[in-house]
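[1] no sequence for this one, just the structure:
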């Protein structure tokens with residue numbers, strides 16, 4: 001029988017193979033793209049890339065289904081009916097760019113630069129972050145907001161910087177492969193950051209102990225030597241309890257503490273408030289297990305600590321991370337092989353942070369106008385330690401109320417209706433804007449509310465520096481493999497053109513894509529073309545850099561007692577604080593909402609709200625699954641794969657998910673995945689109000705006092721079965 005031509009000897013059909021870097025999450029994995037007749041036909045992991053060594057997760061492997069998907073937004077679109085009515089007309093790029101530039105310019109002249117902002121996160125790509133920030137800089141506009149700036153890694157940045165002067169306990173910093181003990185706290189990198197998971201397992205194979213702290217028994221917990229399952233949002237108490245033990249037993253590194261730490265005596269006094277028995281009562285973890293964790297960490301040196309989202313979505317997130325930071329600090333596991341590494345930025349390389357904090361640095365007068373600057377100065381003001389964000393809930397409130405000043409225009413580069421808590425207020429906020437521009441790959445519930453959509457191309461059609469999150473001494477080059485799919489464009493080109501048509505200017509050093517690429521590597525004595533020929537740059541790691549220049553803190557030492565927090569009126573020492581609505585703090589709410597809800601829990605096939613329409617990926621996870629303990633489900637007359645309603649306090653409605661019975665969660669805890677919608681639902685809301693857990697959660701105070709985080713993990717809810725309508 002004759003073989004179909006399209007599968008006969010495929011290697012003879014391949015015209016070229018291009019080395020580039022995936023951008024479908026933070027990891028920045030190397031990929032090989034096979035190209036035939038100008039079209040990408042196959043993608044696989046690059047075995048020569050030191051980041052992933054040939055491995056590639058499902059969403060990385062599915063990029064061709066993503067890039068060539070028939071439902072992509074293929075050309076610029078203009079709304080013709082009311083917002084959200086789903087009425088669009090295709091327009092030319094020239095018409096779209098001209099109208100967007102004219103509308104932004106008119107709003108800028110009428111209201112001033114405080115009225116215009118942009119948002120990123122979710123499906124938005126890191127490549128355009130610098131360019132969009134350059135657009136704000138050109139307007140003297142103070143506001144931009146990451147969809148989860150008040151949690152995600154920004155609170156970690158603040159907590160790390162006030163303690164160590166550098167960002168070292170999240171994606172960047174942990175040296176898993178050389179550690180003797182790995183403490184993974186509030187994260188599941190097997191699902192969220194596969195590169196980190198691979199490195200952790202390398203460390204395990206080399207003999208490292210693994211301690212996993214999580215309210216869920218996750219894939220990483222299954223590999224752990226010790227799994228600690230705290231009551232949600234009590235990680236601060238657990239960390240302080242472990243510190244109590246290691247300090248009381250004098251297991252810490254006395255020489256390092258004496259020479260390189262300030263505030264140890266104050267910390268020692270503070271942790272005496274958290275003896276193991278009290279911590280056991282707070283966290284629901286057996287006292288003996290807390291003691292075991294303390295000794296396991298203390299007796300396997302060096303150790304590395306990883307903090308992630310589970311530690312951050314509560315009203316004491318900064319102090320929670322601070323408490324965890326004390327462990328590598330008092331053991332001297334800082335900037336040593338197998339510990340938490342300080343930055344190793346290659347000499348002369350222009351990092352994202354350097355460009356934002358230096359080249360695009362605005363005046364304090366402008367920066368202090370950011371929404372949130374007065375309430376959360378370390379997140380939002382000219383004193384920000386976290387990428388100069390505005391406070392997302394406060395921006396949404398401002399769009400609705402006009403306070404402290406009105407926001408009239410937004411360039412939205414993510415799916416805000418999925419990403420932010422209190423999604424219904426987010427919708428009211430977007431509808432209240434005078435002008436809303438969208439840039440995304442698919443017609444999401446957020447894009448449906450826009451006035452004009454300017455669609456970006458995928459990473460396969462871009463030339464740029466690929467600066468991943470997992471190694472500060474590494475960066476690669478993302479090479480243009482194909483021409484932009486359909487009638488899409490590079491997001492940076494779109495932003496440059498809008499800026500030019502508004503009569504504004506970028507810094508002359510990088511006012512084109514080509515100049516931007518060259519600017520990133522020029523200081524290293526190379527051109528972008530030379531970097532492309534090499535594929536990537538991997539520099540040496542220098543250890544104990546603090547011995548030469550100290551730590552980047554006011555004292556030059558590790559600040560267990562933070563002078564920065566004290567200066568801004570916060571407690572300079574970590575402490576435990578109960579979330580505002582728990583069975584302990586609000587028993588009257590718990591009577592009606594008896595279950596503790598945790599949300600998030602990224603799956604490896606999705607990046608927050610993206611990829612729900614990709615066939616390979618949707619087949620793996622076809623619907624949102626509420627994890628609930630079998631005992632709890634039985635008491636509620638709920639069975640496996642039943643559909644259930646979930647409600648939270650404040651009467652924000654309900655959402656529906658399918659039940660997954662599992663002993664991975666405590667009987668008093670349920671877990672709901674976030675960012676769910678149904679692209680196949682053809683109305684303009686695409687099922688987001690039925691499936692998105694953020695639709696029933698609040699974005700109102702109380703917030704974390706330092707970064708403004710909200711309690712998305714550790715709030716209360718109730719669950720009940722969806723009753724099928726009777727026949728007839």
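    Ah, there it is. Just so it is clear, the structure is predicted and the values come from calculations on it, not from any experiment.
[2] Helix or strand next in line after the helix ranked longest in the chain, which one?
    Once the chain is assigned using DSSP state H, the helix that runs over the most residues is helix 93-111. Remark: after helix 93-111, the chain's next helix or strand is strand 116-120, criterion DSSP states H and E.
[3] Return the list of helices and strands in contact with the helix or strand following that next one.
    Scanning forward in sequence from strand 116-120 by DSSP H and E, the next helix or strand is helix 129-139. Helices and strands touching helix 129-139, by 3 or more CB pairs under 8 Å, 6 or more residues apart in numbering; DSSP states H and E, are strand 116-120, helix 491-501. C-beta here means a position set from N, CA and C on the backbone, and glycine is covered the same way.
[4] Including distance to residue 344, could those go into JSON lines?
    Listed next are the helices and strands packed on helix 129-139 as JSON lines, based on distance: least, CB to CB, whole Å:
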{"stretch": "strand 116-120", "distance to residue 344": "26"}
{"stretch": "helix 491-501", "distance to residue 344": "27"}
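[5] In a markdown table, list these along with distance to residue 723 and mean neighbour count.
    Shown next, in a markdown table, are those (distance: least, CB to CB, whole Å; neighbours: other CB atoms under 10 Å):
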| stretch | distance to residue 723 | mean neighbour count |
| --- | --- | --- |
| strand 116-120 | 38 | 24 |
| helix 491-501 | 46 | 21 |
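[6] Mean pLDDT and distance to residue 28 added to the ones you listed, as a markdown table?
    As requested, the helices and strands packed on helix 129-139 are exported to a markdown table (pLDDT from 0 to 100; distance: least, CB to CB, whole Å):
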| stretch | mean pLDDT | distance to residue 28 |
| --- | --- | --- |
| strand 116-120 | 94 | 17 |
| helix 491-501 | 97 | 17 |
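[7] Quick check: which of those is nearest to residue 171?
    strand 116-120 (16.8 Å; CB to CB).
[8] Mind listing residues that contact that closest one?
    Contact with strand 116-120 is made by 104, 107-108, 128-129, 132, 135-136, 139, 141, 143-147, 390, 392, 395, 407-414, 416, as judged by CB atoms under 8 Å, 6 or more residues apart in numbering.
[9] Adjacent strands (with direction) for it?
    Sheet pairing of strand 116-120 (DSSP bridges) gives strand 145-146 (parallel), strand 409-412 (parallel).
[10] Contact partners for residue 164?
    325, 329, 334, 340, 342, 551-553, 558.
[11] can you rerun that using 7 Å?
    Neighbouring residues of residue 164 by CB atoms under 7 Å, 6 or more residues apart in numbering: 334, 551, 558.
[12] Looking at the residues you listed, which are in strands?
    Counting by DSSP state E, the part of these found in strands is residue 558.
[13] In CSV: the contacts of residue 164, plus distance to residue 540, pLDDT and neighbour count.
    Compiled in CSV, the contacts of residue 164 are given as follows (distance: CB to CB, whole Å; pLDDT from 0 to 100; neighbours: other CB atoms under 10 Å):
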residue, distance to residue 540, pLDDT, neighbour count
334, 18, 98, 27
551, 21, 98, 22
558, 24, 98, 26
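[14] Nearest to residue 612 among the contacts of residue 164?
    Distances from residue 612 to the contacts of residue 164, taken by CB to CB, are shortest for residue 334, at 40.7 Å.
[15] List the buried residues of the helix or strand harbouring residue 719.
    Using DSSP H and E, residue 719 maps to strand 713-721. Using 16 or more other CB atoms under 10 Å as the burial criterion, the residues of strand 713-721 that qualify are 713-719.
[16] now residue 412: how far from residue 439?
    From residue 412 across to residue 439, the span is 8 Å (CB to CB, to the nearest Å).
[17] re the thing from before, which neighbouring elements make contact with the longest helix of the chain?
    Packing partners of helix 93-111 (3 or more CB pairs under 7 Å, 6 or more residues apart in numbering; DSSP states H and E): strand 116-120, strand 435-438, strand 452-453, helix 491-501.
[18] Select, out of those, the one closest to residue 650.
    strand 116-120 (24.3 Å).
[19] which residues sit in contact with the residue nearest the centre of the chain?
    Geometric centre of the chain, nearest residue: residue 152, 4.6 Å, by CA atoms, centre = their mean. Listed by CB under 7 Å, 6+ apart, the contact partners of residue 152 are 309, 312.
[20] How about residue 679?
    Contacts of residue 679 (CB under 7 Å, 6+ apart): 71, 442, 612-613, 686.
[21] mind redoing it with 6 Å?
    By CB atoms under 6 Å, 6 or more residues apart in numbering, residue 679 lies in contact with 612-613, 686.
[22] For it, give me the backbone phi and psi.
    Backbone torsions for residue 679, taken as degrees, to the nearest 10, come to phi -60, psi -30.
[23] Now it. Nearest residue, chain neighbours left out?
    residue 613 (4.0 Å; CB to CB, 6 or more residues apart in numbering).
[24] State the pLDDT value of the one you found.
    Per-residue pLDDT puts residue 613 at 97.
[25] re earlier: what's next to the longest helix of the chain, contact-wise?
    76, 115, 139, 408-409, 435, 437, 452, 454, 497-498, 501-502.
[26] Show me which of the residues you listed is closest to residue 590.
    Once CB to CB is applied, the member of the contacts of helix 93-111 that ends up nearest residue 590 is residue 408, at 41.5 Å.
[27] Go ahead and confirm that closest one touches residue 434.
    Yes: between residue 408 and residue 434 there is a contact under CB atoms under 6 Å: 4.3 Å.
[28] ok, these two, which is more surrounded?
    A side-by-side neighbour count of residue 408 and residue 434, using other CB atoms under 10 Å, places residue 408 first with 22 against 16.
[29] how much space between the more buried one and residue 415?
    Using CB to CB, residue 408 is found at 21 Å from residue 415.
[30] in stretch 528-543, what counts as buried?
    By neighbour count with 16+ other CB under 10 Å, stretch 528-543 contains the buried residues 528, 531-532, 535-539.
[31] Strands of the stretch 501-650 of the chain, residue ranges please.
    536-538, 558-559, 595-600, 625-628, 643-647 (DSSP state E, counting those that start in this stretch).
[32] Domain-wise, how is this protein divided?
    With domains defined by automatic domain parsing, the chain comprises 10-67, 154-343+545-567, 587-721.
[33] how about JSON lines for those domains, with distance to residue 573 added?
    Output for the domains of the chain, formatted as JSON lines (distance: least, CB to CB, whole Å):
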{"stretch": "domain 10-67", "distance to residue 573": "31"}
{"stretch": "domain 154-343+545-567", "distance to residue 573": "5"}
{"stretch": "domain 587-721", "distance to residue 573": "13"}
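[34] Compare those domains and report which one is nearest to residue 377.
    With distances scored as CB to CB, the stretch of these nearest to residue 377 is domain 587-721 (8.9 Å).
[35] which SSE is residue 32 in?
    strand 30-36.
[36] Report all helices and strands that that strand contacts.
    Under the contact definition 3 or more CB pairs under 6 Å, 6 or more residues apart in numbering; DSSP states H and E, strand 30-36 sits against strand 16-21, strand 39-45.
[37] so what does the shortest one touch, helix or strand wise?
    For strand 16-21, the packing partners by 3+ CB pairs under 6 Å, 6+ apart come out as strand 30-36, strand 474-478.
[38] And for the last one, what's in contact with it?
    For strand 474-478, the surrounding residues in contact (CB under 6 Å, 6+ apart) are 20-21, 459, 462, 464-467, 531-532, 536-538.
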